[in-house]
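Visitor: the sequence isn't on hand, but the structure is:
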């Protein structure tokens, strides 16, 4: 890597990952290398203006430490419920300020830099396309499996945004069920209620309640049961834990068979804590997807794991947005 002192202006971008608890930010070069990073609490500020002021001070200190003052081309932000058209965060339940939050314009004013914002899953898709396994792919769907289920859809080389910037909420597509899994969105039986970390825990509790089979999960206090503990039990051969991931993968695969008809993707790229289960979830997902796939798409869609590191994915995804921004 070139010495930072020899870099010309505009060789870097600033990526910001705004979460409900903390906001992380990083200086990133065009190869997706993080030059420096830091964070501030998202909570605890009297209003959004106080938050932006605190962020500006922390970013300025980072630029000073990394020697990149005057070298930032643009800012990219990943945030919950972010509308890239308006530059606002709309109805984000995890943020403490009144909606809409005009974050893009506030950051542009504070930093005098062009700023683009998008939601978290779209940022992950942008990062994968710029720096990860999706480099060179023009049609893929990024599925983030964590506390919820998110997705970013890339079609013909373009990230789909929709009329208000909220396209790609595949986690809230309704799937088969008994109509008894209430989703955070207020509806029942969304994909998220089955394939998120919370959904996996619910499936495990149901399977344990409906069976007398021995399982190490029975010794785990209910409040401590998590997707991680279930995954670890499955990896040790626990039958019920393995059945939980078999069922989860099947639901996800059936949904992906339907999603293929939307955009004719080359690949699904999965990311997030639940994806760490690896073949436990991917093999039943693959089998169910192919079993239910329209013949036009059979054996043509890959399932790949994201190549981005968990700790860096959101920052790299946000930074990827900035390279396409025109300079002010």
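Guide: Cool, got the structure. Quick caveat, the model's predicted, so the values are computed rather than measured.
Visitor: residue 221: neighbouring residues, count only.
Guide: 6 (other CB atoms under 10 Å). Yep, even glycine has a C-beta here, placed from its N, CA and C like the rest.
Visitor: from residue 274, how far out is it?
Guide: Going from residue 221 to residue 274 by CB to CB, to the nearest Å gives 21 Å.
Visitor: before we move on, what about residue 61?
Guide: Taken as CB to CB, the span from residue 61 to residue 274 is 36 Å.
Visitor: so for the two, which sits in the more crowded spot?
Guide: residue 274 (26 against 11).
Visitor: quick one: the more buried one and residue 145 touch, right?
Guide: Yes: using CB atoms under 8 Å, residue 274 is in contact with residue 145, at 3.6 Å.
Visitor: can you pull the residues that touch both of the two?
Guide: Common neighbours of residue 274 and residue 145, using CB atoms under 8 Å, 6 or more residues apart in numbering, are 195, 196, 197, 281.
Visitor: what about the nearest residue to the last one once chain neighbours are set aside, how many residues nearby?
Guide: Spelled out, it's residue 281. Of all residues not flanking residue 281 in the chain, residue 249 sits nearest, at 4.4 Å (CB to CB, 6 or more residues apart in numbering). Neighbourhood size, residue 249 [other CB under 10 Å]: 23.
Visitor: could you measure residue 249 against residue 285, distance?
Guide: Residue 249 is 4 Å from residue 285, by CB to CB.
Visitor: now swap in residue 113 and tell me
Guide: Residue 113 is 41 Å from residue 285, by CB to CB.
Visitor: just residue 56 next, same as before
Guide: Taking CB to CB, one finds residue 56 at 43 Å from residue 285.
Visitor: those two - which one has more neighbours?
Guide: residue 285 (28 against 15).
Visitor: per-residue confidence for that one?
Guide: For residue 285, the pLDDT comes out at 98.
Visitor: ditto for residue 307
Guide: With respect to pLDDT, residue 307 scores 87.
Visitor: let me know the secondary structure of residue 76.
Guide: strand (DSSP: H, G, I helix; E, B strand; the rest coil).
Visitor: which residues are in contact with it?
Guide: By CB under 8 Å, 6+ apart, the residues touching residue 76 are 13-16, 115-118, 123, 126, 317-323, 325.
Visitor: could you redo the last one with a cut-off of 6 Å?
Guide: 15, 116, 318, 319, 321, 322 (CB atoms under 6 Å, 6 or more residues apart in numbering).
Visitor: same thing with residue 269?
Guide: 128, 134, 140, 142, 304, 306.
Visitor: can you tell me the element it falls in?
Guide: Taking DSSP states H and E as the definition, one finds residue 269 inside strand 267-271.
Visitor: what's the first helix or strand after that strand?
Guide: In N-to-C order, the element after strand 267-271 by DSSP H and E is helix 279-292.
Visitor: now for that following helix, which elements pack on it?
Guide: Applying 3 or more CB pairs under 6 Å, 6 or more residues apart in numbering; DSSP states H and E, one finds that helix 279-292 makes contact with helix 239-263.
Visitor: angles on the backbone of the residue nearest in space to the middle of the chain, please.
Guide: The centroid of the chain falls nearest to residue 121 when counting by CA atoms, centre = their mean (3.6 Å). Dihedral pair for residue 121: phi -70, psi -40, per degrees, to the nearest 10.
Visitor: contacting residues around the closest residue in space to it that isn't next to it in sequence?
Guide: Once flanking residues are discounted, residue 121 sits nearest to residue 150: 3.2 Å by CB to CB, 6+ apart. Residues in contact with residue 150 (CB under 6 Å, 6+ apart) are 121, 144, 171.
Visitor: between the residues you listed, which is nearest residue 226?
Guide: Taking CB to CB as the measure, residue 226 sits nearest to residue 144 out of those, at 17.5 Å.
Visitor: contact partners for the closest one?
Guide: Contact analysis of residue 144 by CB under 6 Å, 6+ apart lists 121, 124, 150, 271, 272.
Visitor: would you list the residues you listed in a markdown table and tack on distance to residue 228 and pLDDT?
Guide: Below are the contacts of residue 144 laid out as a markdown table (distance: CB to CB, whole Å; pLDDT from 0 to 100):
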| residue | distance to residue 228 | pLDDT |
| --- | --- | --- |
| 121 | 21 | 83 |
| 124 | 20 | 85 |
| 150 | 19 | 88 |
| 271 | 16 | 89 |
| 272 | 12 | 87 |
